[in-house]
Each structure stands twice: as C-alpha cells, then as structure tokens.
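*Asks:* Predicted model and sequence follow; I will ask about them next.
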Amino acid sequence: MRKIDASKEPCSECGGRLERKHITQEFEREGVKVNLSGIAALVCADCGEIYFQPGGADKVAAAANSLFSLAVTEKQHKCSLTAQICQA
Ligand SMILES: [Zn+2]
C-alpha cells in the first residue's frame, strides 16, 4: 500500500499500468475484523500493488480505526464489521 501523486504514473514496483478500481481492505485487531469495501484506489494491472490518492491511505486507516472503536463499544469481539461505500 503506497501513496502516489498522480494517477497517470506507472506502477513504481514494476512499471505496469494503473487501473482505477474499487477495492476491499480487511483489517484485524484483537479478534475483530473490519472490512472496508468500495474504496476507490489505483491498482497495478500487472503486480496488484495498491495506490491511494494523496492522503487516501491515511483516511482509510482513520476509517478502520473508527470502526474498531465502534466494534469495541458495541462489544463485537470475534465478529466482523463491514463498511461499504456506495456511489450515488
Ligand atoms: Zn506493478
């Protein structure tokens, strides 16, 4: 998971072409799994490296942290929590 400045840059790992996709990221902490799906990202068509827009990775991490704190508040240990972003 890396940051990238421009969507037109090739993959810094292999030079492959980046495609705009909606991805799913799974996080696990203390037995709680959090799924974020529908996140807009750039994914290398060749090696699968994931790139976010500047600041995007931080926001994804912040969203995951928020879901973890929600899960802890609701005592959802050993369960999973899924957040999905839908486009209107
Ligand atoms: Zn690549």
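*Replies:* Cool, the structure landed. Residues are numbered from 1 along each chain as shown.
*Asks:* now the residue nearest to the spatial centre of the chain, nearest residue through space, not along the chain?
*Replies:* Centroid-nearest residue in the chain, with CA atoms, centre = their mean: residue 25, separated by 4.3 Å. On the basis of CB to CB, 6 or more residues apart in numbering, the spatially nearest residue to residue 25 that is not a chain neighbour turns out to be residue 36, at 4.9 Å. C-beta coordinates here come from the backbone N, C-alpha and C atoms, glycine included.
*Asks:* Spell out which residues sit in contact with the one you found, please.
*Replies:* If you count contacts by CB atoms under 8 Å, 6 or more residues apart in numbering, residue 36 has them with 24-27, 60, 63-64, 67, 82-85.
*Asks:* one more time with 7 Å, if that's ok
*Replies:* If a contact means CB atoms under 7 Å, 6 or more residues apart in numbering, then residue 36 has 24-25, 60, 63-64, 83 as its contacts.
*Asks:* got it, and residue 17?
*Replies:* 10, 45.
*Asks:* now for the strand or helix carrying residue 68, which elements pack on it?
*Replies:* Remark: residue 68 resides in helix 56-73, with elements defined by DSSP states H and E. Under the contact definition 3 or more CB pairs under 7 Å, 6 or more residues apart in numbering; DSSP states H and E, helix 56-73 sits against strand 18-29, strand 32-44, strand 80-84.
*Asks:* quick one, it and strand 80-84 angle?
*Replies:* If you take axes from the mean of the first three to the mean of the last three CA atoms, to 10 degrees, helix 56-73 sits at 140 degrees to strand 80-84.
*Asks:* I appreciate the help and will end here.
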